[in-house]
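Peer 1: coords please:
(4 chains)
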Number of protein chains: 2
Amino acid sequence: MTKVDAVQFAKAIADETRQKIMSICCCYWLSVNEIVQKTSVTQPTVSHHLAVLRGAGLVKVREEGKQTFYTLNQDRMVACCGQLMIKFAPETETTEAVKLKVLV
Amino acid sequence: MTKVDAVQFAKAIADETRQKIMSICCCYWLSVNEIVQKTSVTQPTVSHHLAVLRGAGLVKVREEGKQTFYTLNQDRMVACCGQLMIKFAPETETTEAVKLKVLV
DNA sequence: TTGACAAATAGACGATCATCGATATAATAT
DNA sequence: ATATTATATCGATGATCGTCTATTTGTCAA
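Peer 2: Below is the predicted model of the structure:
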């Protein structure tokens, strides 16, 4: 698992199309083509966005024949959001609750 | 409190300088000049970034004479991070814990 | 081997954005 | 009134980024 700093994480999710893709493959494994069909952009554009998400460790990848399947890495999402909360909301109750989970 | 969607939030924090500013005024009220002195950018640049953060509701503002003081809005940070977790990590334990706090 | 399909990469173009210097606005002090 | 200090805004510039078409790479079937 590559290390990702808070800025890289934020940049990775700071795009409408990318968040759309994240929603689409949140709880499912989908091929690139399936993702393309659920979006309004071309296949290269989807591949590009998946590469960005991959770079931030935000998707899991599984190659199968000529297809490549992606799914959102929820654990990484939790780790990154938790890090953000610890860094930028250290005085809140919620962050205390999250710390207990994240630091396990 | 203005409503902020996940994309706007991500864009707001997707910059190194902006995160630096967020760190600087995380637990303190600081004037613009004080923030400038703790960064490596000019005053107009700091004002610009503060405006972006203000637009996302991520800073609280207090005007006092000719000075303007800013501090990071930790509650908003928690709300936004919590929303991200609910949206993009719905199947995790941590998100369940956060839900209880955020939805109160 | 040839053709078809899936996905990634390359290159180009336009839009967005971070930054700066210059200026405007506003408040205080002399 | 004038000068000074604090902050915001304007306009320009260079860099980054999202998107596209075209092409390449890789896999499978006929």
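Peer 1: Can you tell me the SS state at residue A:28?
Peer 2: Three-state call for residue A:28 (DSSP: H, G, I helix; E, B strand; the rest coil): coil.
Peer 1: Please list all residues in contact with it.
Peer 2: Neighbour list for residue A:28: residue A:71 [criterion: Cβ atoms under 8 Å, 6 or more residues apart in numbering or on different chains]. Any C-beta I mention is one placed from the backbone N, CA and C, and that applies to glycine too.
Peer 1: For the least confident helix or strand in chain A by mean pLDDT, which residues meet the burial criterion?
Peer 2: One helix or strand of chain A scores below all others by mean pLDDT, DSSP states H and E: helix A:93-102, with a mean of 90. Neighbour-count burial for helix A:93-102, counted by 16 or more other Cβ atoms under 10 Å in any protein chain shown, picks out A:94-95, A:97-98, A:101-102.
Peer 1: Would you convert the residues you listed into CSV that also reports distance to DNA strand D?
Peer 2: Shown next, in CSV, are the buried residues of helix A:93-102 (distance: Cβ to the nearest atom of the strand, whole Å):
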residue, distance to DNA strand D
A:94, 28
A:95, 27
A:97, 32
A:98, 27
A:101, 29
A:102, 26
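Peer 1: Secondary structure element holding residue A:49?
Peer 2: Using DSSP states H and E, residue A:49 sits in helix A:43-55.
Peer 1: what element comes up after that helix heading to the C-terminus?
Peer 2: strand A:59-64.
Peer 1: that older thread, the least confident helix or strand of chain A and chain B, are they touching?
Peer 2: Yes: Helix A:93-102 comes into contact with chain B (Cβ under 8 Å from any Cβ of the partner chain), by way of A:93-95, A:97-98, A:100-102.
Peer 1: Over to stretch A:29-37?
Peer 2: No: applying Cβ under 8 Å from any Cβ, one finds stretch A:29-37 separated from chain B by no less than 13.5 Å.
Peer 1: Provide the secondary structure category for the most far-flung residue of chain A relative to its centre.
Peer 2: Most distant from the centre of chain A: residue A:91, at 26.3 Å, with distances by Cα atoms, centre = their mean. Here residue A:91 is recorded as coil under three-state DSSP.
Peer 1: so who does it touch?
Peer 2: With contacts defined as Cβ under 8 Å, 6+ apart, residue A:91 is in contact with B:27, B:74.
Peer 1: just to revisit the earlier point, can you name the residues in contact with the least confident helix or strand of chain A?
Peer 2: Helix A:93-102 is contacted from outside by A:78-79, A:82-83, A:85-86, A:89, B:78, B:82, B:93-94, B:97-98, B:100-102, using Cβ under 8 Å, 6+ apart.
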